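*Asks:* Kindly return the folded structure for what I paste below:
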Amino acid sequence: MPTVLTIDGYRFKIYINDHTPAHVHVLKAENEARVTLVTIKIISNIGFNSRELGKIEMLVEKHQEQLLAIWDTYHESR
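*Replies:* Residues are numbered from 1 along each chain as shown. Prediction:
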């Protein structure tokens with residue numbers, strides 16, 4: 001799973017040939033969240049607090065176009 005973006009210690013990863021809907025895995029330390037990319041929504045969370053989740057959603061929104069373009073290079077559908 002390649003890291004496609006790193007910001008403030010958050011690593012954004014997209015699995016090659018992963019399942020839909022289009023989403024990104026966000027990791028920092030021992031924590032991991034999955035966030036959908038078309039409609040930005042946290043779909044799973046292990047360890048992040050609510051403040052961090054808000055920051056993650058903001059970062060995904062800011063880089064949504066870039067992340068969706070990367071998703072599309074690895075997958076046939078969203």
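
*Asks:* tell me the SS of Asn45?
*Replies:* Secondary structure for Asn45, judged by DSSP: H, G, I helix; E, B strand; the rest coil, is strand.

*Asks:* Go ahead and confirm it touches Leu53.
*Replies:* Yes - Asn45 is in contact with Leu53 according to C-beta atoms under 8 Å; the separation is 6.4 Å. Glycine gets a C-beta too; all of them are placed from N, C-alpha and C.

*Asks:* shared neighbours of these two, which are they?
*Replies:* Common neighbours of Asn45 and Leu53, counting by C-beta atoms under 8 Å, 6 or more residues apart in numbering, are Ala33.

*Asks:* Let me see the ranges of the helices in this structure.
*Replies:* Listed from the start of the chain, the chain has helices (DSSP state H) covering 50-62, 64-74.

*Asks:* Out of those, which gets nearest to Thr6?
*Replies:* Evaluated with C-beta to C-beta, the helices of the chain place helix 50-62 nearest to Thr6, the distance being 10.6 Å.

*Asks:* Any buried residues in that closest one, and which?
*Replies:* Within helix 50-62, the residues scored as buried using 16 or more other C-beta atoms under 10 Å are 52-53, 56-57, 59-60.

*Asks:* ok, the closest residue to Phe12 other than its chain neighbours - contacts?
*Replies:* Leaving aside its chain neighbours, Phe12 sits nearest to Leu5 (4.0 Å; criterion: C-beta to C-beta, 6 or more residues apart in numbering). Leu5 sits next to 11-12, 63, 66-67 when contact means C-beta under 8 Å, 6+ apart.
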